[in-house]
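Asks: the sequence and its predicted three-dimensional model are supplied below.
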Number of protein chains: 2
Amino acid sequence: MSSILPPSEQMLAAVEKQLQVVIGQLDQPLYQGLYKMLAYHMGWLNDQNLPDGRGKRVRPLVVLLACSAAGGAWQSALPAAAAVELLHNFSLIHDDIEDNSDLRRGRPTVWARWGVPQALNAGDAQFTLAHLCLLELKEIPLERVLRAARLLQETCLALTEGQYLDISFESRLEVTLEEYWTMITGKTAALLAACSGLGAVVAGAQDDVYRSFYTFGQKVGLAFQAQDDLLGIWGDETVTGKSASSDLLAGKKSLPILYGLIHSQPFAARWKHGAIMQSDLPYIVKLLENCGAKDYTQNAADELTAQAVSALSQTGYVNEANQTLLNLAYGLLNRKF
Amino acid sequence: MSSILPPSEQMLAAVEKQLQVVIGQLDQPLYQGLYKMLAYHMGWLNDQNLPDGRGKRVRPLVVLLACSAAGGAWQSALPAAAAVELLHNFSLIHDDIEDNSDLRRGRPTVWARWGVPQALNAGDAQFTLAHLCLLELKEIPLERVLRAARLLQETCLALTEGQYLDISFESRLEVTLEEYWTMITGKTAALLAACSGLGAVVAGAQDDVYRSFYTFGQKVGLAFQAQDDLLGIWGDETVTGKSASSDLLAGKKSLPILYGLIHSQPFAARWKHGAIMQSDLPYIVKLLENCGAKDYTQNAADELTAQAVSALSQTGYVNEANQTLLNLAYGLLNRKF
């Protein structure tokens, strides 16, 4: 198989409908302003001829496919699928405030349009809607609903722990590679792990099968971040849409940069000297390559991808949904079979 | 009975222990900074010789007393009691950012000490800990745990709806009394309603009994807010700790002020003219009294208190916990039998 299968349009449509019902609860005269902030953030309202701000809804697809792969009816997992997308978008609203980012998907962020107080509160509303949505799980035993609710909350805790580390790294001089991996395990990988994990929980998977599904999502998340960090320096601008070496110019402590700080004395000296300029790039990038930062990051992404594939095979399920799940992960990682 | 009974020290100690266990999850080397922010906010860490910042823990007491009053074992409601206190404190962390308040209980707020990004994220962590804590409910049927989880989330949604209205009122010229009541029903009363409601849910109360407990907390919350608004203009500074007429000087759209804007032409004209100064106060306060704003607010507080008492009697339970609950409410409202 050489092409990536298109994700199920039927699943995507069902997720979008569920998302609109949940956020639509706020579509009342008194709460129009609150509703509009969330509908705008979700990419539904576009009243200023702004670009479409809708995300790809990858995470809910992972929930539904994992549920189906583990022998469940994907429709029964819809509340969990919508919940993870709501949660993901809640975290973006708050992250944009914390990072002082005024643009997302080419449009002004919620705080940039409505101010920090309303945006912060709208994020809190979306946080709650995510959990309320999950509690709509029906047609499955109550134990599973509770297990799913606990998993979603534990994921939120992991997200905030990761975000705490990420913010604190900015002001720290030294960050170990171990700390970095811990940070992205919370900030990036926990939610994808929860997606495949939730699908398995709804399907009623046994503990070891659940663990394999969870690990699959976690490894995909880690591989995705390692690759994103690679592209942040060596990416092809025409493909990634962001300028090559942008993480160096932004002073972002990504994986290859942390590796370079530890393994290249000249790179560390230059980094501490002050902001890196466009004209420094060829020399700086060479320093990173020479000390093995690029290889280390590439190998990490490869190894994590292999671990994800292995985890999925360890679920013991071989079926169409499982195959689609693998294709989706490969698509996310810009890889082909 | 003419004195207010002291709240159960045993209950308070058990709540504090549970709170410390929940937040103590973060007390790990890697997350020390995050742990310290929450422990400081809860009033446990006082490393700068600052005043004690611990709240009165009224809300968890209401949960435990309501559970006991409805025939349950209060110990079984401890996770719900700790959850509402965590939730209350989460909302304070975010409110302080939204209101740009740098002091709470005489100490710097979390954002004032650690910056907005970390404070916002710490609030999110506390939000999640509240819900994780509630899911620790044991020894009761799963249906009740799920009902309690749903109630807590619905309460969060009501809080954010109320907060949305409150922030939007600041920039609006006209706000109706009906809108004001809707706002405080969400912002102030929903959490107290959830407290007495959660106690009843854990105890396994039938729907009508649950509804009476819920209404009791809701009416206490509304009465409390009406009285707080009254004290914000006519309070005795030596008793309330805040300067009399402070709401007028702060330009806060409280209940008597909104009443005055609607019923007193001269008051409305003066209000629109610009900030009210200390020297204006005697005249302005007289205008409010003459148009009936003080009486309206006082009558509302009295009527709501009577409705709270009536709701509690409609639960059908007459016992010590119920009596203590009533005393607690009276204490909160600075009233005596």
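Replies: Structure's in. What do you need?

Asks: now A:G115: phi and psi?
Replies: The phi/psi pair for A:G115 (degrees, to the nearest 10) reads phi 90, psi 160.

Asks: now the residue of the stretch 201-337 of chain A at minimum distance from chain B: phi and psi?
Replies: Per Cβ to the nearest Cβ, A:V201 is where the stretch 201-337 of chain A lies closest to chain B, at 14.1 Å. From N, CA and C alone the C-beta is placed, and that goes for glycine too. Here is the backbone geometry of A:V201 (degrees, to the nearest 10): phi -60, psi -50.

Asks: residues contacting it?
Replies: For A:V201, the contact set (Cβ atoms under 8 Å, 6 or more residues apart in numbering or on different chains) comprises A:A80, A:R144, A:R147, A:A148, A:L151, A:Y210.

Asks: what sits against the last one?
Replies: A:Y210 sits next to A:G197, A:A200, A:V201 when contact means Cβ under 8 Å, 6+ apart.

Asks: include pLDDT and distance to A:V110 when you put those residues into a markdown table, please.
Replies: Shown next, in a markdown table, are these (pLDDT from 0 to 100; distance: Cβ to Cβ, whole Å):
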| residue | pLDDT | distance to A:V110 |
| --- | --- | --- |
| A:G197 | 98 | 29 |
| A:A200 | 98 | 33 |
| A:V201 | 98 | 31 |
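
Asks: distance of the residue of the stretch 201-337 of chain A closest to chain B from A:C195?
Replies: 11 Å (Cβ to Cβ, to the nearest Å).

Asks: show me which residues of the stretch 51-200 of chain A sit near chain B.
Replies: By Cβ under 8 Å from any Cβ of the partner chain, the residues of the stretch 51-200 of chain A that approach chain B are A:94, A:97-99, A:116-118, A:120-122, A:124-125, A:127-129, A:131-132, A:135, A:142-143, A:145-146, A:149-150, A:153-154, A:156-157, A:159-161, A:163-165, A:167-168, A:179, A:182.

Asks: ranges for the strands of the stretch 1-150 of chain A?
Replies: For the stretch 1-150 of chain A, applying DSSP state E, counting those that start in this stretch gives strands covering A:103-104, A:107-108.

Asks: out of the ones you listed, which one sits most buried?
Replies: Sort the strands of the stretch 1-150 of chain A by mean neighbour count, taking mean count of other Cβ atoms under 10 Å in any protein chain shown, and strand A:107-108 sits at the top with a mean of 18.

Asks: give me the residue at the spatial middle of chain A.
Replies: A:T188 (5.1 Å; Cα atoms, centre = their mean).

Asks: tell me which stretches of the stretch 1-150 of chain A form helices.
Replies: A:9-24, A:32-41, A:58-69, A:78-98, A:110-114, A:116-134, A:142-170 (DSSP state H, counting those that start in this stretch).

Asks: would you tell me which one of those is buried the most?
Replies: By mean count of other Cβ under 10 Å, these have helix A:58-69 as the most buried, with a mean of 28.

Asks: so which elements touch that one?
Replies: The helices and strands touching helix A:58-69, judged by 3 or more Cβ pairs under 8 Å, 6 or more residues apart in numbering or on different chains; DSSP states H and E, are helix A:9-24, helix A:78-98, helix A:190-203, helix A:207-234, helix A:320-332.

Asks: okay if I get these as JSON lines plus distance to A:K36?
Replies: Below are those laid out as JSON lines (distance: least, Cβ to Cβ, whole Å):
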{"stretch": "helix A:9-24", "distance to A:K36": "10"}
{"stretch": "helix A:78-98", "distance to A:K36": "13"}
{"stretch": "helix A:190-203", "distance to A:K36": "26"}
{"stretch": "helix A:207-234", "distance to A:K36": "31"}
{"stretch": "helix A:320-332", "distance to A:K36": "31"}
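
Asks: low-confidence regions, the stretch 201-337 of chain A specifically.
Replies: A:237-244, A:335-337 (pLDDT under 70).

Asks: picking that back up, out of the helices and strands packed on helix A:58-69, nearest to B:L231?
Replies: helix A:78-98 (33.6 Å; Cβ to Cβ).

Asks: hang on, the earlier thing: I figured the residue nearest to the centre of chain A was touching A:Q227, is that so?
Replies: No. The criterion here is Cβ atoms under 8 Å, and A:T188 misses it with A:Q227 at 11.1 Å.

Asks: around A:D295, how many other residues sit close by?
Replies: By the measure other Cβ atoms under 10 Å in any protein chain shown, the count of residues near A:D295 is 12.

Asks: circling back to that earlier point, columns mean pLDDT on top of the helices of the stretch 1-150 of chain A, output as CSV?
Replies: Shown next, in CSV, are the helices of the stretch 1-150 of chain A (pLDDT from 0 to 100):
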stretch, mean pLDDT
helix A:9-24, 94
helix A:32-41, 96
helix A:58-69, 96
helix A:78-98, 98
helix A:110-114, 97
helix A:116-134, 98
helix A:142-170, 97
